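# heads up, no residue letters with this:
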Ligand SMILES: Nc1ncnc2c1ncn2[C@@H]1O[C@H](COP(=O)(O)OP(=O)(O)OP(=O)(O)O)[C@@H](O)[C@H]1O
């Protein structure tokens with residue numbers, strides 16, 4: 001008889017029958033479902049179910065996600081379910097999976113040395129090498145900083161033997177040269193780690209057997225964001241290694257096409273006879289009006305419905321008379337009104353498509369009104385897992401301070417609302433970083449936990465506005481982060497601590513500015529459409545819905561051009577992602593145009609996406625919602 005814990009049993013009872021069917025299905029599953037349909041919840045329940053009932057104590061599950069944030073989120077939710085994982089769930093990004101579980105784990109078997117300290121090129125080093133290749137093939141005027149996405153697409157097409165006709169032949173030549181240069185220099189980058197891992201799985205039967213023994217099940221989240229090589233890797237792990245696959249995704253939320261992702265791979269998988277394709281059509285997040293509006297913006301009705309009894313929510317169209325300063329003022333008014341209506345600040349998000357004049361206006365207005373907000377500086381904080389670890393530690397320290405300074409009455413509520421990373425998760429992340437850097441293991445897990453605790457939850461916590469620089473320097477010293485930075489194979493990690501410190505100093509950042517990608521209690525969030533993916537808020541405010549901002553022209557070789565049909569479709573999906581973050585209220589702000597950086601007035605009117613969405617809305621809805 002199957003033994004399942006009470007926690008899992010009650011979770012299975014709460015799930016929708018299709019969600020439950022996906023969890024319990026004995027074979028491969030593709031779960032294609034829309035926003036808020038409980039994909040992540042189902043995935044977590046599946047992981048818990050497999051660990052409790054299907055997989056012996058010595059084997060585990062590999063769970064692959066597109067971003068570190070998503071990997072953290074899944075790890076957090078599995079722990080929250082009360083599942084004792086005992087290290088049996090390996091939740092990582094695709095690149096970390098390839099590096100740690102294939103290249104490094106099987107280096108002695110394949111005789112291919114795993115990347116050593118600093119051999120994995122990060123974003124910046126990749127650009128420098130690519131520029132060198134452009135120079136060598138005679139297209140020095142092509143700037144690598146604008147072409148890394150294209151180069152990645154070419155390299156993925158090369159690795160998958162896909163047609164290359166759509167690419168500029170000189171850039172194809174540069175991409176080939178880039179691969180040769182990497183090999184000649186004994187270096188690798190994120191892309192080539194996946195290509196190498198794929199080759200190893202295809203060529204080495206013992207590797208496949210061992211992978212299957214360790215991970216009889218593979219779970220892949222956000223499948224639509226994967227590129228061709230990753231898809232081939234999943235297919236090889238299934239077809240050649242016999243691993244059971246659970247793939248989750250939403251083709252409508254595919255927003256990383258610029259880096260070679262393509263939703264067609266999810267469809268390919270779903271079309272296979274040996275996968276069960278399960279759709280989920282209830283949206284548990286948003287009210288029906290928001291669902292209808294989002295589908296109208298997408299231009300395709302998916303006929304999804306809100307959960308029974310969900311309030312309908314509201315979609316509000318707000319015209320302004322002038323430029324972006326008006327948008328910013330109104331966005332702040334609406335955020336303040338939501339707060340007055342008892343919406344908690346951290347449940348309110350102001351989202352913008354990309355940096356530029358709109359963001360400048362929002363920052364100025366939020367600051368002028370002294371609104372408590374958290375601005376996620378997506379472009380400035382250095383990339384890499386070490387930097388992300390520091391940011392998560394900052395989030396923990398910030399939350400600790402807030403709880404410490406809350407009144408006795410407010411404290412229980414604070415503790416309930418706090419979403420800061422648990423110490424155990426941070427300890428896990430730190431141990432992984434140390435292992436990747438080949439540092440000797442700490443004397444005991446407890447010792448590491450204790451050090452983390454004294455750093456992040458001290459008796460006298462750091463105030464939110466404490467100098468981020470001072471805090472960082474202490475964290476570096478106490479956790480010996482510089483030793484990790486020095487020895488880590490990922491070049492981004494080699495340099496990120498220095499870059500972080502320089503940034504904290506030059507911009508005079510406060511501790512709370514480092515707490516990225518995490519919900520901070522009491523603060524309205526200001527972030528991009530892309531960074532909002534996978535998150536949910538009560539109230540979502542979208543200012544700047546103007547032609548030229550969304551949709552917008554794209555930078556191509558340092559110049560601006562109109563988006564292609566494919567790029568336009570991707571921008572529309574990004575807009576859809578932003579709309580679908582709202583649970584109960586959506587505010588859409590538009591106007592006649594805006595002033596560019598040079599003061600030139602662009603009278604291009606409201607966003608075509610918004611106009612099309614408005615026209616498609618049922619008459620009662622659109623007139624009722626106009627303000
Ligand atoms: N069966 C269910 N009953 C009630 N609530 C549910 C159910 N399934 C999911 N939810 C809730 O719906 C919300 C959205 O779930 P989840 O984050 O798993 O969706 P998702 O499909 O991953 O969303 P997205 O693709 O937009 O990121 C969560 O608050 C979750 O707890």
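Sure, I can see it. Computed from a prediction, not measured in an experiment: that's the story for all the values here.

# how about the residues of the stretch 451-600 of the chain by the ligand?
Selection of the stretch 451-600 of the chain residues close to the ligand by C-beta under 6 Å from any ligand atom yields 534, 580. The way it works is simple: take the backbone N, C-alpha and C, and place the C-beta from them, glycine included.

# quick one, strands of the stretch 451-600 of the chain?
Ranges of strands within the stretch 451-600 of the chain are 524-528, 537-542, 554-556, 559-561, 582-590, 594-595, based on DSSP state E, counting those that start in this stretch.

# any chance of CSV for those, columns mean neighbour count and mean pLDDT?
As requested, these are exported to CSV (neighbours: other C-beta atoms under 10 Å; pLDDT from 0 to 100):
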stretch, mean neighbour count, mean pLDDT
strand 524-528, 22, 93
strand 537-542, 25, 97
strand 554-556, 15, 77
strand 559-561, 10, 79
strand 582-590, 24, 97
strand 594-595, 20, 95
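
# now render those strands as CSV, adding distance to residue 426.
Below are these laid out as CSV (distance: least, C-beta to C-beta, whole Å):
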stretch, distance to residue 426
strand 524-528, 22
strand 537-542, 25
strand 554-556, 37
strand 559-561, 42
strand 582-590, 29
strand 594-595, 42
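
# list the residues that contact the most centrally placed residue in the chain.
Against the mean C-alpha coordinate of the chain, by C-alpha atoms, centre = their mean, the closest residue is residue 67 at 4.5 Å. Under the criterion of C-beta atoms under 8 Å, 6 or more residues apart in numbering, the neighbours of residue 67 are residue 93.

# out of the strands of the stretch 451-600 of the chain, which gets nearest to residue 344?
Set against residue 344 and scored by C-beta to C-beta, the strands of the stretch 451-600 of the chain come closest in strand 537-542, at 7.6 Å.

# that closest one to strand 524-528, inter-axis angle?
Following axes from the mean of the first three to the mean of the last three C-alpha atoms, to 10 degrees, one obtains 50 degrees for the angle between strand 537-542 and strand 524-528.

# which helices and strands does strand 537-542 pack with?
The criterion is 3 or more C-beta pairs under 8 Å, 6 or more residues apart in numbering; DSSP states H and E, and the helices and strands that strand 537-542 contacts are helix 324-340, strand 348-352, helix 565-579, strand 582-590.

# kindly recompute the last result at 7 Å.
Of the remaining helices and strands, those touching strand 537-542 by 3 or more C-beta pairs under 7 Å, 6 or more residues apart in numbering; DSSP states H and E are helix 324-340, strand 348-352, strand 582-590.

# if I pick the residue of the stretch 101-250 of the chain found nearest the ligand, what's in contact with it?
Minimum separation of the stretch 101-250 of the chain from the ligand (C-beta to the nearest ligand atom) falls at residue 250, amounting to 5.5 Å. Contact criterion C-beta atoms under 7 Å, 6 or more residues apart in numbering gives 32, 33, 34, 35, 224 as the residues in contact with residue 250.

# please repeat the previous calculation with a cut-off of 6 Å.
Contacts for residue 250 were tallied using C-beta atoms under 6 Å, 6 or more residues apart in numbering; they are residue 34.

# and it, what pLDDT?
According to the predicted model, the pLDDT of residue 250 comes to 91.

# and the closest residue to residue 122 other than its chain neighbours, how far from residue 328?
The shortest distance from residue 122 to any residue other than its chain neighbours is 3.1 Å, reached at residue 492 (C-beta to C-beta, 6 or more residues apart in numbering). Noted for residue 492: a distance of 33 Å to residue 328, by C-beta to C-beta, to the nearest Å.

# looking at those two, which is more packed in?
For residue 492 against residue 328, the residue with the higher neighbour count under other C-beta atoms under 10 Å is residue 328, and the figures read 27 against 23.

# quick check, the more buried one in contact with residue 359.
No - under the criterion of C-beta atoms under 6 Å, residue 328 is not in contact with residue 359, lying 9.4 Å apart.

# might you report the residue contacts of the closest residue to the ligand within the stretch 251-400 of the chain?
Evaluated by C-beta to the nearest ligand atom, the stretch 251-400 of the chain has residue 284 as its residue closest to the ligand, separated by 3.1 Å. Residues touching residue 284, when contacts are defined by C-beta under 6 Å, 6+ apart, comprise 36, 38, 307.

# which stretches of the stretch 201-350 of the chain have low pLDDT?
Counting by pLDDT under 70, the stretch 201-350 of the chain has low-confidence residues at 259.

# returning to that earlier point: for the ligand, tell me which of the contacts of residue 284 show up nearby.
Filtered for proximity to the ligand (C-beta under 6 Å from any ligand atom), those shrink to 36, 38.

# can you report phi and psi for the residue of the stretch 101-250 of the chain closest to the ligand?
According to degrees, to the nearest 10, the main-chain angles of residue 250 amount to phi -150, psi 110.
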